[in-house]
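In: Okay, here's the prediction I keep looking at, along with the sequence it came from:
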Amino acid sequence: MKRDRLEDFVKANRGDFDFREPSPELWSRIAENSKPRKVVFMRTHFYRVAAVVAIAVIGSVLVWKTGIMGPGRMAKNADPELLELMETEAYYSYQVDKKMEEIQKCYFTNPELKDDIESDLNELEGMYKVLKSELDENISNKSVIEAMIENNRFRLKLCDDVLEQLKC
């Protein structure tokens, strides 16, 4: 292994390199300018997290209790035609569901009618979904809202007619 001449020189003259040391004044100025480290305990972090969680929980409870974001609050600000649509949709869907329960009781005596009745109702429901998507695109279109209400009336009339014909 070949020895490095620079390394030999540094080892031989080490004492000559260490003759200069910084003055004590320099060390005192460095100490004055350096900022002491701030010690933050884990307990402090815990208190901060607990405060944030408490504020979030209290805020959520207040929003929930006051009903600021509730469906009733948003319904008050909605378009009157849309409110009418929502009410009629709820009414007709309840009536159709009630009539369908009666019709389904008759399926045991007339099972061949099940496919016909349900296909007709599914077709009407498909048309209703198309109308609903059109309403989403143009929310203030009165003719679409009237068509949706008429579709609901027709579904109810279809159920009434089927019940009248079955008489089970």
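Out: Received the coordinates, thanks. Residues are numbered from 1 along each chain as shown.

In: Could you use CA atoms for every contact and neighbour count after this?
Out: Noted.

In: And the protein, what are its domain boundaries?
Out: Following automatic domain parsing, the chain resolves into domains at 37-77, 78-166.

In: now the longest one, how far from the chain's geometric center?
Out: If you compare the mean C-alpha spot of domain 78-166 with that of the full chain, they lie 29 Å apart, counting by Cα atoms, centre = their mean, to the nearest Å.

In: looking only at pLDDT, what's the mean for that domain?
Out: For domain 78-166, mean pLDDT is 78.

In: Residue 20: which element?
Out: Here residue 20 is covered by no helix or strand, with elements defined by DSSP states H and E.

In: per-residue confidence for it?
Out: In this model, residue 20 carries a pLDDT of 73.

In: and of the domains of the chain, who's closest to residue 30?
Out: Comparison of the domains of the chain against residue 30 by Cα to Cα identifies domain 37-77 as nearest, at 14.8 Å.

In: what's the longest helix in this structure?
Out: Counting residues, the longest helix found in the chain (DSSP state H) is helix 80-106.

In: Run through the neighbouring helices and strands of that helix.
Out: Counting contacts by 3 or more Cα pairs under 8 Å, 6 or more residues apart in numbering; DSSP states H and E, helix 80-106 packs against helix 142-166.

In: so the helix it packs on versus helix 80-106, what angle?
Out: 20 degrees (axes from the mean of the first three to the mean of the last three Cα atoms, to 10 degrees).
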